[in-house]
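>>> okay, sequence plus prediction incoming.
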Amino acid sequence: MLRRLMAAVAGVALCGALAACGSGGSASGDDDAITMGFSQVGAESGWRTANTKSIREAAKAAGIELKFSDAQQKQENQIKAIRSFIQQRVDVIAFSPVVETGWDNVLLEAKRANIPVILTDRAIDSDDESLYETFLGSDFVEEGRKAGEWLVEDSKGEGTVNVVELQGTTGSAPALDRQEGFQEAISGSDIKIIASQTGDFTRSGGKQVMEAFLKSHSDIDVVYAHNDDMGLGAIEAIEAAGKKPGEDIKIITVDAVKDGMQALADGKINFIVECNPLLGDQLMDLVQKVVAGEQVPKRVVVEETTFTQEEAKKVLPERQY
Ligand code: GZL
């Protein structure tokens, strides 16, 4: 707010000198409310839907004016949205970067406009950490590790175990890190990744890639899907091929959204690593601190757990998303 007030004062002074000009008003109608520009990845999965709902509800509850943009999983749309937020002179910009790289230029524009940036959900790969105030989200490498560690335990004494991997969006932090963590956990075991391909975090993508895997591999023991939606698509493909998901081919996924947890409880998925989408309240708290000029941690990692089939049956009724 202070920045906008100074800009307005400067604007009035300048107007006096130039005799006539428009007002230096802020981006929001109400000068007291924080105006926040948020660029969301898209609406590709149940996780994303829950994440968007959490952000919208938390902004409303905090009295923060939210300008929301859905990028339909395209980086160029996110860059356009961030530039638009800069032109509208919002107080703060937050976004979930669809991929890790290619952000330095637009974030430098935000920095030069003196608009703080908060990363949520996904991180960026940049040498310049001054381009953002903080990152709020999950430790995706740990999520991949948890998935791999469960499989190492579950497949003890089974000999060679062949895994096909349904990867998330190419170049995205969750896809890169969930792959890294899983590979780290299975290294030195008899678990082999025989094929990997992106399903872009969507159910249809997971189904199409799994259909191709089933055509080219007759010895698939396990599917490791980087999110529930691709795992649910794989279930459709496995059943269409006349095999039993969860038994003939085991499935491990990440997220723990309701549809995934239902499939876990039904025995079609074997293990799910939680990835918490309910970031809204923590994000608004960080927004208020950053706009007030308070120091915040550079990285805020959310708490997450894992679920077996038995655990899913117990917690399903109370799941919020
Ligand atoms: C993870 C998030 C991922 C989810 C997917 O934080 O970025 O994107 O795991 C979603 O379901 O599409």
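Structure's in. What do you need? What you see is a predicted model, and the numbers here were worked out from it, not measured in a lab.
>>> got the residues of the stretch 51-200 of the chain near the ligand?
Listed as neighbours of the ligand in the stretch 51-200 of the chain under the rule Cβ under 6 Å from any ligand atom: 121-122, 137-138, 174. For the C-beta atoms, the positions are set from N, CA and C on the backbone; glycine is no exception.
>>> quick one: buried ones out of the residues you listed?
Burial by neighbour count, 16 or more other Cβ atoms under 10 Å: within those this picks out 121-122, 137-138, 174.
>>> now pLDDT and distance to residue 184 too, for those, in JSON lines please.
Listed next are those as JSON lines, based on pLDDT from 0 to 100; distance: Cβ to Cβ, whole Å:
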{"residue": "121", "pLDDT": "98", "distance to residue 184": "22"}
{"residue": "122", "pLDDT": "98", "distance to residue 184": "20"}
{"residue": "137", "pLDDT": "98", "distance to residue 184": "20"}
{"residue": "138", "pLDDT": "98", "distance to residue 184": "16"}
{"residue": "174", "pLDDT": "98", "distance to residue 184": "16"}
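>>> for those residues, which one is nearest residue 261?
residue 138 (17.2 Å; Cβ to Cβ).
>>> ok, now which ones touch residue 99?
75, 169-172 (Cβ atoms under 8 Å, 6 or more residues apart in numbering).
>>> 7 Å - rerun?
Residues near residue 99 by Cβ atoms under 7 Å, 6 or more residues apart in numbering: 75, 169, 171-172.
>>> who wins for neighbours among the residues you listed?
Most neighbours among the contacts of residue 99, by other Cβ atoms under 10 Å: residue 172, with 26 neighbours.
>>> helices of the stretch 101-250 of the chain, residue ranges please.
104-112, 140-154, 173-186, 203-216, 228-240 (DSSP state H, counting those that start in this stretch).
>>> and among the ones you listed, the most buried is which?
Among these, the stretch with the highest mean neighbour count (mean count of other Cβ atoms under 10 Å) is helix 228-240, at a mean of 24.
>>> contacting residues around it?
Here helix 228-240 makes contact (Cβ under 7 Å, 6+ apart) with 45-46, 166, 199, 201-207, 210-211, 214, 223, 225, 245, 249, 251, 253, 255, 257, 259-260, 263, 268-269, 272.
>>> how is this protein carved up into domains?
If you go by automatic domain parsing, the domain ranges for the chain are 34-138+277-303, 140-275.
>>> could I get the phi/psi values of the residue nearest to residue 280 when sequence neighbours are not counted?
In space, and not counting its chain neighbours, residue 280 is closest to residue 58: 2.9 Å by Cβ to Cβ, 6 or more residues apart in numbering. Main-chain torsions, residue 58, degrees, to the nearest 10: phi -70, psi -40.
>>> then residue 301?
Torsion angles, degrees, to the nearest 10, at residue 301: phi -100, psi 130.
>>> ok, back up a step: any of the contacts of helix 228-240 buried? List them.
45-46, 166, 199, 201-203, 205-207, 210-211, 214, 223, 225, 245, 249, 251, 253, 255, 257, 259-260, 263, 268-269, 272.
>>> which of those residues fall in strands?
Cross-referencing the buried ones among the contacts of helix 228-240 against strands under DSSP state E gives 166, 223, 225, 251, 253, 255, 272.
>>> and the pLDDT for the second one?
Okay, so that is residue 223. The per-residue pLDDT reported for residue 223 equals 99.
>>> which residues does it form beta bridges with?
Counting by DSSP bridges, residue 223 is bridged to residue 164, residue 251.
>>> wait, doesn't it sit right on residue 249?
Yes: using Cβ atoms under 7 Å, residue 223 makes contact with residue 249 at a distance of 6.1 Å.
>>> isn't residue 124 right next to residue 104, touching?
No: look at residue 124 against residue 104 with Cβ under 7 Å: they stay out of range, at 8.5 Å.
>>> residues from the stretch 201-321 of the chain in reach of the ligand?
Counting by Cβ under 6 Å from any ligand atom, the residues of the stretch 201-321 of the chain near the ligand are 201, 227, 229, 254-255, 275.
>>> where in this structure is pLDDT low?
1-31 (pLDDT under 70).
>>> residue closest to the middle of it?
What sits nearest the mean C-alpha location of the chain, by Cα atoms, centre = their mean, is residue 121, with 4.0 Å.
>>> count the neighbours of the spatially closest residue to that one that is not a sequence neighbour for me.
Nearest residue to residue 121, sequence neighbours excluded (Cβ to Cβ, 6+ apart): residue 96, at 3.9 Å. When neighbours are defined as other Cβ under 10 Å, residue 96 has 25 of them.
>>> rewinding a little: columns distance to residue 311 on top of the domains of the chain, output as CSV?
CSV is the format used below for the domains of the chain (distance: least, Cβ to Cβ, whole Å):
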stretch, distance to residue 311
domain 34-138+277-303, 16
domain 140-275, 8
